[in-house]
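Participant: Sequence below, structure please.
(chains A and B)
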Amino acid sequence: MIKTPKPIRGTQDIFGAEAEAFAFVTATFERIRKLYRFRRVEMPVFEKTEVFSRSLGETTDVVSKEMYSFEDRGGESLTLRPEFTAGIARAYLTDGWKQYAPLKVATHGPLFRYERPQKGRYRQFHQIDAEVIGAAEPQADVELLVMADHLLRELGIADGVTLQLNTLGDGESRENWRAALVEYFRAHRDELSEDSQDRLERNPLRILDSKDPRDKPFTADAPRIDDYLSDAAKDFFAQVTEGLDAAGVAWERNPALVRGLDYYRHTAFEFVTDRLGAQGTVLGGGRYDGLMESLGGAATPAVGWAAGIERLAMLVEELGEPVPDIIVVVEDDAMRADGVGLTAAMRRAGLASELIATGSARKRYDKAVKQNAKAILALTAGDDGAMQHRLRIDGGDEAAIDAVLKGYSPN
RNA sequence: GCGAUCAUAGCUCAGCUGGUUAGAGCGCCGGUUUGUGGUACCGGAGGUCACGGGUUCGAACCCCGUUGGUCGCCCCA
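Facilitator: Numbering: from 1, shown residues only, chains lettered A, B, ... in the order given. Purely as a prediction, here's the structure:
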């Protein structure tokens, strides 16, 4: 007995209406990205593990248990890409893309993270991604945010979604704020949740967005980044918010919105919905001026965002699958060749067509009716054996169909 | 890694407190109607009740374990 292999945990086979929604997201993204003049890039699906581990630092669970890593036959550690940014940063350095700076690039495709699947989170998932590399100005942040907002509008999901915005300041501001947070939380250490006590050592900024109610009273009164921002950092953030206002993009300040990794500076943002359970972030990103150096490159300012295609697709209105323009029904097997010929002719004329010529001859018309076609063409043989057809129009393009019929010579 | 919850036909699900041959709808296949119209009716195929133990005269149902799905925690680049 042969056992059918099962799919890998956390992978998905996307089909039908869901696949249509998925394709709608990527097609819309491609259209928008061209409007904003972002250049398309295609990136490898795997890289040397260092590409990701260096950029992430050694701190978190992320490297130790969240990456899909393996050794190749030469004993080199490789990792399936868990994000686009690190690979694009690597390419910027190894391929000399500095010559194109400031460089606006966009891509989409599969990513891999070794996690327990839950709603809107999979081990193989898919993202769209946009990055601006080599631009230190807040205008780059604004352009990305306006583009993201535009995309969500075009997808028809902007209504339930809000843009949450924060600044982490420049390197110095961020360090001072972080030190103040550690000092503050350390004073309340014993009253924090176990998880947050742990975070105090590993990733103190993350205490701010803890879900544990025991932490809430302390996070509310925690030191705020605003009190630690340098004048330059304040000015940078002000230019971002002014730009958003000028472009008519609504935003709200979320001082608890943080990034755990050290290379993030200045702007951090997430577009959030309450329609997806625990996984409310629909699109997120920020400025990562410190990343290039961790990969051995020169200091290079950069900012970008990514969004999960599956999550976006879940929010998109049910599109349904497209209905055929015409179905050709062979009601008499003697007309099979004409069915094939006419269907081919319909398709060449740009009409989405289906041929029904199998199974019980009497039931073929029923099958056609059930597909909600805009037109049904039934083929039968006359007494003389010549092809006869009957056409039922239900919203279809009768002129186009007639033109195909007139131009067709029966077999 | 941790927790909750679920698993019956290809799909969606019923199945009483443990009781004899496990059901429906949809889908699939065949038949009836030979019709300018059909979304109907009849029939058929299809099940190791996730898997492995246990309790019992008897288990889809109760107990234990395993596997898998879902949702959440941790993490979220």
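Participant: sec struct for residue A:297, please.
Facilitator: Per DSSP: H, G, I helix; E, B strand; the rest coil, the secondary structure class of residue A:297 is coil.
Participant: Enumerate the residues of the stretch 301-411 of chain A near RNA strand B.
Facilitator: A:331, A:358-360, A:362-363, A:365-367, A:369-370, A:378, A:380, A:390, A:392 (C-beta under 7 Å from any atom of the strand). C-beta here means a position set from N, CA and C on the backbone, and glycine is covered the same way.
Participant: Residue A:213: which of those residues is nearest?
Facilitator: The shortest approach to residue A:213 among these belongs to residue A:370, at 52.6 Å (C-beta to C-beta).
Participant: how far away is the closest one from residue A:359?
Facilitator: Relative to residue A:359, residue A:370 is positioned 13 Å away (C-beta to C-beta, to the nearest Å).
Participant: repeat for residue A:377
Facilitator: 18 Å.
Participant: what does residue A:71 give?
Facilitator: With C-beta to C-beta as the criterion, residue A:71 and residue A:359 are 52 Å apart.
Participant: just residue A:3 next, same as before
Facilitator: For residue A:3 relative to residue A:359 (C-beta to C-beta), the value is 32 Å.
Participant: quick one, which of the two is more surrounded?
Facilitator: Comparing residue A:3 with residue A:359 by neighbour count (other C-beta atoms under 10 Å), the higher total belongs to residue A:359, at 10 against 5.
Participant: Torsion angles phi and psi at the more buried one?
Facilitator: Note on residue A:359: its backbone torsions stand at phi 80, psi -170 [degrees, to the nearest 10].
Participant: what's the nearest residue to it if we skip its chain neighbours?
Facilitator: Take residue A:359 and drop its neighbours on the chain: the residue closest to it by C-beta to C-beta, 6 or more residues apart in numbering is residue A:367, 7.4 Å away.
Participant: helix, strand or coil for that neighbour?
Facilitator: Residue A:367 ends up helix, using three-state DSSP.
Participant: got a list of what it touches?
Facilitator: A:329, A:356, A:359 (C-beta atoms under 8 Å, 6 or more residues apart in numbering).
Participant: And the residue of chain A found nearest RNA strand B, what's its pLDDT?
Facilitator: The nearest approach of chain A to RNA strand B comes at residue A:277, 2.5 Å away (C-beta to the nearest atom of the strand). The model reports residue A:277 with a pLDDT of 79.
Participant: repeat for residue A:336
Facilitator: With respect to pLDDT, residue A:336 has a value of 88.
Participant: Please apply the same query to residue A:57.
Facilitator: 69.
Participant: now residue A:63
Facilitator: Confidence score, pLDDT, at residue A:63: 67.
Participant: With residue A:411 instead?
Facilitator: For residue A:411, the predicted pLDDT is 77.
Participant: For it, which residues are in contact?
Facilitator: Applying C-beta under 8 Å, 6+ apart, the residues near residue A:411 are A:337-338, A:341, A:387.
Participant: Buried only: go through these for me.
Facilitator: Neighbour-count burial (16 or more other C-beta atoms under 10 Å) applied to these gives A:338, A:341, A:387.
Participant: So what does the second one have for phi and psi?
Facilitator: As for residue A:341, its main-chain torsions (degrees, to the nearest 10) stand at phi -60, psi -40.
Participant: Which residues of the stretch 1-150 of chain A lie near RNA strand B?
Facilitator: A:6-7, A:9-10, A:52, A:56, A:60-62, A:66-67, A:82-83, A:85, A:113, A:115-120.
Participant: Got a PyMOL select line for the buried ones in these?
Facilitator: The command below creates a PyMOL selection of those among those that count as buried (16+ other C-beta under 10 Å):
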select buried, chain A and resi 10+52+56+62+66+67+82+83+85+113+115+120
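Participant: Wait, residue A:141 touches residue A:265, no?
Facilitator: No - with contact defined as C-beta atoms under 8 Å, residue A:141 does not reach residue A:265; the gap is 10.9 Å.
Participant: what's the overlap in contacts for the two?
Facilitator: In contact with both residue A:141 and residue A:265: residue A:287, using C-beta under 8 Å, 6+ apart.
Participant: Show me how far stretch A:264-275 is from its chain's centre.
Facilitator: 14 Å (C-alpha atoms, centre = their mean, to the nearest Å).
Participant: And for stretch A:133-153?
Facilitator: Distance, centroid of stretch A:133-153 to centroid of chain: 16 Å (C-alpha atoms, centre = their mean).
Participant: which parts of it are buried?
Facilitator: For stretch A:133-153, by 16+ other C-beta under 10 Å, it's A:133-136, A:138, A:140-152.
Participant: So what touches the helix or strand hosting residue A:310?
Facilitator: Using DSSP states H and E, the element containing residue A:310 is helix A:309-315. Helix A:309-315 has contacts (C-beta under 8 Å, 6+ apart) with A:12, A:18, A:21-22, A:24-26, A:108, A:120, A:122, A:125-128, A:155, A:157, A:160-161, A:273, A:275-276, A:279, A:282-283.
Participant: For the buried ones among those, write the corresponding ChimeraX selection.
Facilitator: Buried residues among these (16+ other C-beta under 10 Å), as a ChimeraX selection:
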select /A:18,21,22,24,25,26,108,120,122,125,126,127,128,155,157,161,273,276,282,283
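Participant: quick check: mean pLDDT across stretch A:197-205?
Facilitator: 89.
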